[in-house]
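Enquirer: let's see this in three dimensions:
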Amino acid sequence: MERFVVTAPPARNRSKTALYVTPLDRVSEFGGELHEDGGKLFCTSCNVVLNHVRKSAISDHLKSKTHTKRKAEFEEQNVRKKQRPLTASLQCNSTAQTEKVSVIQDFVKMCLEANIPLEKADHPAVRAFLSRHVKNGGSIPKSDQLRRAYLPDGYENENQLLSSQDC
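Expert: Residues are numbered from 1 along each chain as shown. Coordinates of the predicted model:
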């Protein structure tokens, strides 16, 4: 009896997605309407992220009414604004960020040279003075973070200075 049982053919579990397509491949395929940044595919005129794996999703977006409307507005403005991914934005060091680190390192160095305990930076009067009279003084962290993050750097710098002066 078991010999005559009819079984269904095996189902095809293969999806219809392109497995090895990168955003750069889609940019070269669709021309100047798309651009790649940070491993993501962006529509230049709409400034939205597109799924680079499915070609139909890109084609549907390029044929949509919103895309044609935004493309017309984009060509009128004649300005190319490209959206940046979050990782690129976080890697950008502005002058304010570098200045903040410099102020913190100078504060730690001053405290060390004057034999002022770093815990004094937590006092409300010191905090008020720093935020009022020192540029970026409000950005000086609490003493525990000063000890963990900035004290080892100061120690290494002073150690290198002492070793270079001994020679």
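Enquirer: let me see the contact set for the residue nearest to N136 when sequence neighbours are not counted.
Expert: In space, not counting the residues next to it along the chain, N136 is nearest to V103; the distance is 4.6 Å by Cβ to Cβ, 6 or more residues apart in numbering. The way it works is simple: take the backbone N, C-alpha and C, and place the C-beta from them, glycine included. Residues in contact with V103 (Cβ atoms under 8 Å, 6 or more residues apart in numbering) are 134-137, 139-140.
Enquirer: so which of those wins on neighbours?
Expert: Neighbour counts for these were taken using other Cβ atoms under 10 Å; the highest belongs to I140, which has 22 neighbours.
Enquirer: who touches it in this structure?
Expert: Counting by Cβ under 8 Å, 6+ apart, I140 touches 103-104, 107, 121, 130, 146.
Enquirer: would you reformat those residues as a markdown table and include distance to E33, pLDDT and secondary structure?
Expert: Output for the contacts of I140, formatted as a markdown table (distance: Cβ to Cβ, whole Å; pLDDT from 0 to 100; DSSP: H, G, I helix; E, B strand; the rest coil):
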| residue | distance to E33 | pLDDT | secondary structure |
| --- | --- | --- | --- |
| V103 | 46 | 84 | helix |
| I104 | 46 | 86 | helix |
| F107 | 51 | 87 | helix |
| A121 | 54 | 88 | helix |
| L130 | 51 | 85 | helix |
| L146 | 50 | 87 | helix |
